[in-house]
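Peer 1: fold the following and give me the result.
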Amino acid sequence: MLLAHAGIADRRMWDGQVPVLSGRYHVIRYDQRGFGESAPPEAPYCPAADIGAVLGHADADWAVLVGCSIGGAIAIS
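Peer 2: Numbering: from 1, shown residues only. Below you'll find the model as predicted:
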């Protein structure tokens, strides 16, 4: 399960849900570019491609995507 945060937050917005979800799912959360501990973008980029890269780094062939606000828009793109 990949959790994509809202545009006013970072990966920490999911802190309360991770303990519950991780009992049943492998949970991945990340900071979108320019949020939390992520560097700001230096050039145009595709947020959906970033999700693909995160999943690739985690060696995940597929995932359930859960997003809030802009994270939800990215998840359905």
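
Peer 1: what sits against the closest residue in space to Asp31 that isn't next to it in sequence?
Peer 2: Leaving aside its sequence neighbours, Asp31 sits nearest to Ser38 (C-beta to C-beta, 6 or more residues apart in numbering; 3.8 Å). Heads up, the C-betas are built off the backbone N, CA and C, glycines and all. Counting by C-beta atoms under 8 Å, 6 or more residues apart in numbering, Ser38 touches Asp10, Tyr30, Asp31, Gln32.

Peer 1: quick check: the two most widely separated of these?
Peer 2: Using C-beta to C-beta, those reach their maximum pairwise distance at Asp10 and Tyr30, which is 9.1 Å.

Peer 1: just want to know which of the two has more residues nearby.
Peer 2: Tyr30 (23 against 17; other C-beta atoms under 10 Å).

Peer 1: roughly how far does the more buried one sit from Ala63?
Peer 2: In this view, Tyr30 and Ala63 are 12 Å apart by C-beta to C-beta, to the nearest Å.

Peer 1: for the protein, which segments count as helices?
Peer 2: Using DSSP state H, the helices found in the chain span residues 18-21, 47-57, 70-75.

Peer 1: tell me the most buried of the ones you listed?
Peer 2: Of all these, helix 70-75 carries the top mean neighbour count, a mean of 18, counting by mean count of other C-beta atoms under 10 Å.

Peer 1: for Gly56, give its distance to Ala49.
Peer 2: Gly56 sits 10 Å away from Ala49, going by C-beta to C-beta.

Peer 1: and the pLDDT for the residue nearest to Asp31?
Peer 2: Note on Ser38: pLDDT of 96.

Peer 1: now it: how far from Gly23?
Peer 2: From Ser38 to Gly23 the distance is 27 Å (C-beta to C-beta).

Peer 1: what's the answer for Ala73, then?
Peer 2: Going from Ala73 to Gly23 by C-beta to C-beta gives 28 Å.

Peer 1: likewise Val64?
Peer 2: With C-beta to C-beta as the criterion, Val64 and Gly23 are 15 Å apart.

Peer 1: then Gly71?
Peer 2: From Gly71 across to Gly23, the span is 22 Å (C-beta to C-beta).

Peer 1: if we can go back for a sec, which residues do Tyr30 and Ala63 both contact?
Peer 2: Counting by C-beta under 8 Å, 6+ apart, the common neighbours of Tyr30 and Ala63 are Leu2.
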